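Student: turn this into a model:
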Amino acid sequence: MAHNHAHSHNDSHGHSHPDLKGRKLLLSILLNIGITVAQAIGGVISGSLSLLSDALHNFSDVLSLIVSYIADRYSKKDASVEKTFGYKRAEIIAAFVNSATLIIVAIYLIYEAILRFFNPQAIESGLVIWLAILGIFFNGFSVLLLFKDSKSNMNMRSAYLHLLTDMAASVAVLIGGLLMKYFEWFWVDSLLTVLIALYLLIMGYDLLKSSFKVLMLFTPDDLNLEVINKAVCTIPEIKNMHHIHIWQLNEQETHLEAHIDFYEDVTLSEFDAVLIKVEELLYHDFGINHVTIQPEHQKDDPKDIIVQD
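Tutor: Residues are numbered from 1 along each chain as shown. Okay, the predicted model is just below:
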């Protein structure tokens, strides 16, 4: 079986500063290490369990950011004979791991909030308040750093959500601490923590599901196989398209492979001309930028869109 493989649309567009993501992550790691150390020391000095807990959350975020940073670096490595796709899936794996840890952190936060509700702790000193403000400032800066990239990259979104959680947790510590100190509203801290955790569960699950779909080679949610099939079959030379597989290698590369039946027994050069039409249609109408087509003529095989191999 001859496979004609086309790579007419590479992924150079939209990546003008490939190292900027890495630098942002590195800066976020350094900021978070600073916060973690400060909160741990502050927690020991003041005897504040909430600060020590916050330091633990920050430390887990440092580990998650390191995972994201390593994945970002590895994803840029060149392909080789042993690794024909390179490490292009590294960021998806990092997003999957980090989103799973987000869910674990969220469950732990809910558990912690319940404990704190029944055993409320007043803020012991002004040091706790100042460290919470420091956490908000540093995490807020890191959140702003990663915000833009988080919209288009799962790995960066997982790092962003970890930082956003930490910032929100610091806000909860601050607001809860002040209200407990001045108004004795002991339940506010627990309520805010539960709300943060529920938001985190929703976002973490959504990211876990998205990264899982990419890893499992599922058809992207925004693509409909039947619509794509009908569009390709509008090209006059094509009788039908079957054995279709569509998957994402990462968030920049969407692949399609399929068998195409031709009305006529076309020559290779005629097939190439049709292939260019298919590539252009798939790229411009559906964003599919890697296409592998097996041409056929009067071949006796199943013609279903999906064929169980």
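Student: apart from its chain neighbours, what residue comes closest to Phe263?
Tutor: Phe isn't right for residue 263; it's Tyr. Nearest residue to Tyr263, sequence neighbours excluded (C-beta to C-beta, 6 or more residues apart in numbering): Lys239, at 5.1 Å. Heads up, the C-betas are built off the backbone N, CA and C, glycines and all.
Student: show me what the helix or strand hosting the one you found pairs with in its sheet, parallel or antiparallel.
Tutor: Assessed by DSSP states H and E, Lys239 sits inside strand 238-248. With DSSP bridges as the test, strand 238-248 is paired with strand 254-262 (antiparallel).
Student: give me the angle between the next helix or strand after the partner strand and strand 238-248.
Tutor: Note on strand 254-262: by DSSP H and E, the next helix or strand toward the C-terminus is helix 268-286. If you take axes from the mean of the first three to the mean of the last three C-alpha atoms, to 10 degrees, helix 268-286 sits at 50 degrees to strand 238-248.
Student: return the distance of helix 268-286 from the chain's centre.
Tutor: 31 Å (C-alpha atoms, centre = their mean, to the nearest Å).
Student: can I assume Arg79 sits in a strand?
Tutor: If you look again at residue 79, you'll see it is Ala, not Arg. No. Secondary structure of Ala79 (DSSP: H, G, I helix; E, B strand; the rest coil): coil, not part of a strand.
Student: for Asp72, see how far away it is.
Tutor: Distance, Ala79 to Asp72, by C-beta to C-beta, to the nearest Å: 17 Å.
Student: pLDDT weak spots in this protein?
Tutor: Applying pLDDT under 70 to the chain picks out residues 1-18, 48, 50, 121-126, 309.
Student: helices of that one, start to end?
Tutor: Along the chain, counting by DSSP state H, helices occupy 20-46, 49-75, 90-118, 126-150, 154-183, 187-215, 225-232, 268-286.
Student: list the buried residues in the last one.
Tutor: Translated: helix 268-286. Phe271, Val274, Leu275, Val278, Glu279, Leu281, Leu282, Tyr283, Phe286 (16 or more other C-beta atoms under 10 Å).
Student: of the residues you listed, closest to His255?
Tutor: Leu282 (10.4 Å; C-beta to C-beta).
Student: enumerate every residue touching the residue nearest to that closest one when sequence neighbours are not counted.
Tutor: Using C-beta to C-beta, 6+ apart and skipping residues adjacent in sequence, the residue nearest Leu282 is Ile288, 4.1 Å away. Applying C-beta atoms under 8 Å, 6 or more residues apart in numbering to Ile288 gives the contacts Leu223, Ile228, Ile246, Thr254, His255, Leu256, Leu282.
Student: in PyMOL, how would I select just the buried ones from the residues you listed?
Tutor: Buried residues among these (16+ other C-beta under 10 Å), as a PyMOL selection:
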select buried, resi 223+228+246+254+256+282
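Student: correct me, but the residue nearest to Tyr263 touches His259?
Tutor: No. Shown here, Lys239 and His259 do not form a contact pair, counting by C-beta atoms under 8 Å, at 10.9 Å.
Student: more crowded one of these two?
Tutor: His259 (19 against 14; other C-beta atoms under 10 Å).
Student: beta partners for the more buried one?
Tutor: Residues in beta-bridge contact with His259 (DSSP bridges): His242, Gln294.
Student: and it, what is it in contact with?
Tutor: Neighbours of His259 in contact, by C-beta under 8 Å, 6+ apart: Met241, His242, His243, Ile293, Gln294, Pro295, Glu296, Asp301.
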